[in-house]
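# how would this look folded up:
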Amino acid sequence: MEQQIIVENIKCGGCMNSIQTALLKLDKVEKVVIDKETDTITITGDVEKALLIKKLNELGYPEKGDNSLLKIAKSYVNCAIGKMN
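The predicted model follows:
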């Protein structure tokens, strides 16, 4: 099963690396493709969309329209971590 989620706060490759690493750790996620131009994440695997959205929120990359100052701050932290890995 393939699902697409449009998110906010993707700034660079560091963000993309953090998102991909975290989502691939979830059970049954097989593949994660991120399109920076459209801020779209395509996830392949048998995983509930709600679980994916929850994980993305925890990382600071909420579904489009659900952003907050706290999520923006979290995204900067995860961006930096993604750049180091």
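
# Nearest to the spatial middle of the protein, which residue is it?
Ile19 (4.0 Å; CA atoms, centre = their mean).

# Packing partners of the strand or helix carrying that one?
Here Ile19, judged by DSSP states H and E, is contained in helix 13-24. Contacts defined by 3 or more CB pairs under 8 Å, 6 or more residues apart in numbering; DSSP states H and E place helix 13-24 against strand 29-35, strand 40-45, helix 49-59, helix 69-84. Bear in mind the C-beta positions are built from the backbone N, C-alpha and C, glycine included.

# In terms of mean pLDDT, which of those ranks lowest?
Note on the helices and strands packed on helix 13-24: lowest mean pLDDT is at helix 69-84, with a mean of 93.

# just to revisit the earlier point, list the residues that contact the residue nearest to the centre of the chain.
10, 32, 34, 41, 56, 59, 61, 78, 82 (CB atoms under 8 Å, 6 or more residues apart in numbering).

# what about it, distance to Val7?
Ile19 is 8 Å from Val7, where distance means CB to CB, to the nearest Å.

# Give me the number of neighbouring residues for Cys79.
23 (other CB atoms under 10 Å).

# so it makes contact with Leu59?
No - Cys79 is beyond contact range of Leu59, at 9.7 Å (criterion: CB atoms under 8 Å).
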